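Novice: Please find the sequence and the predicted model below.
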Amino acid sequence: MQNFIIRCYKQFLNKHEPSTVSQCPIFIIYNIDGNHWVTFCITNFENKNAVLYKNSLGREILDDIKNVLEDYFTDTIMPGQNNTIFKSHDKKEQTDANSCGPMSLRNMEIILHGLKTD
């Protein structure tokens, strides 16, 4: 199942022109293992590619997703250069088993607000 999801990410990213990331952030709400939602944003920050990741359980970005994004940036956005920053917020907010969906939407709003004010 994980390989299928990674292929879907590659297909999604390949549909976007390289300039898209520098012009406008791409937000993705992603379901991990069919039972937990997380949020991440692909954007350009200080002339570097940035992935801003938030998991309401306080966990880091999955290595598989990180590898796909690094490959995308190295192969498509800036050929031959790995100029990517990964930022994860490690504060655990979720204390129950079912509020990750609304929290992912709220975290997307928080990231968007932060991008607007920077």
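Specialist: Thanks, I have it.

Novice: C-alpha only now, for contacts and for neighbours.
Specialist: OK.

Novice: Starting from the biggest strand by length in the chain, tell me which strands it pairs with and how they run.
Specialist: Counting by DSSP state E, the longest strand found in the chain is strand 36-45. Strand 36-45 has the following strand partners under DSSP bridges: strand 26-32 (antiparallel), strand 48-54 (antiparallel).

Novice: Please enumerate residues in contact with that strand?
Specialist: By C-alpha atoms under 8 Å, 6 or more residues apart in numbering, the surrounding residues in contact with strand 36-45 are 21-32, 49-56, 100-101, 104-105, 107-108, 111.

Novice: For PyMOL, write a command that selects the buried ones of those.
Specialist: Buried residues within the contacts of strand 36-45, by 16 or more other C-alpha atoms under 10 Å, are selected in PyMOL with:
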select buried, resi 21+22+25+26+27+29+30+49+50+51+52+53+54+55+56+100+101+104+107+108+111
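
Novice: among the helices and strands of the chain, which has the poorest mean pLDDT?
Specialist: Comparing helices and strands within the chain by mean pLDDT, DSSP states H and E singles out helix 18-23 as the least confident, with a mean of 61.

Novice: looking at the strands paired with strand 36-45, which is closest to residue 11?
Specialist: Closest of these to residue 11 is strand 26-32, at 13.5 Å (criterion: C-alpha to C-alpha).

Novice: roughly how far out does the closest one sit from the chain middle?
Specialist: 6 Å (C-alpha atoms, centre = their mean, to the nearest Å).
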